[in-house]
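Visitor: coords please:
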Amino acid sequence: MIAIIDYGVGNLFSLKSSFAAIGADTGVTGDPSIIRSAEKLVLPGVGAFGDAAALLKQNSLDKLVKEETEKVQRSFDNQLADLQAKQAAAPQVSEPVVNEQTSNTEVDVTPVSGSRIDRYVKPRVNEEEQK
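Guide: So this is what the prediction gives:
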């Protein structure tokens, strides 16, 4: 469920209706337990966020929003570290090897990503066409 945080500002009905139009399961809440258990959070914004920040604090939601944001940051940092480790372990691209004994130029390729490319065959170009 996507929790739309109700702290007294924003057009929450419009926001909830927009999510409903795309089939998203949402709830408008100021309940910390529901906010903590939500899959995703939406903090509605307003033009003057200073007033909105004061309302978050007044409703004791400021620390909760910060805690939940830090969880997302830690998750992002962990995912980034995993991707960097996978990239470091991936094979490096080799230099092309040209087979001079065939009528075509064959280039062996070692891909960096998971896809497999056995060879690329470049069409033979007539020497007269090159001039």
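
Visitor: isn't F19 right up against M1?
Guide: No: the criterion here is Cβ atoms under 8 Å, and F19 misses it with M1 at 10.4 Å. Any C-beta I mention is one placed from the backbone N, CA and C, and that applies to glycine too.

Visitor: so what's in contact with the two at the same time?
Guide: Common neighbours of F19 and M1, using Cβ atoms under 8 Å, 6 or more residues apart in numbering, are T26.

Visitor: contact partners for the nearest residue to P32 once chain neighbours are set aside?
Guide: Computed as Cβ to Cβ, 6 or more residues apart in numbering, the closest residue to P32 that is not its neighbour in sequence is L64, at 5.3 Å. Residues near L64 by Cβ under 8 Å, 6+ apart: P32, I35, R36.

Visitor: which of these are buried?
Guide: Buried members of those, scored by 16 or more other Cβ atoms under 10 Å, are P32, I35.

Visitor: and stretch 10-28, average pLDDT?
Guide: Confidence for stretch 10-28, expressed as mean pLDDT, is 90.

Visitor: pull out the buried positions in that stretch.
Guide: Quick answer for stretch 10-28 (16+ other Cβ under 10 Å): G10, L12, L15, K16, T26, V28.

Visitor: does the second one touch I4 like I think?
Guide: What it means is L12. Yes: contact between L12 and I4 holds when scored by Cβ under 8 Å: they sit 6.0 Å apart.

Visitor: now the common contact residues for these two.
Guide: Jointly contacting L12 and I4 under the rule Cβ under 8 Å, 6+ apart are V28, P44.

Visitor: quick one, phi psi at S60?
Guide: phi 60, psi 30 (degrees, to the nearest 10).

Visitor: how about V9?
Guide: Taking degrees, to the nearest 10 as the convention, V9 sits at phi -130, psi 160.
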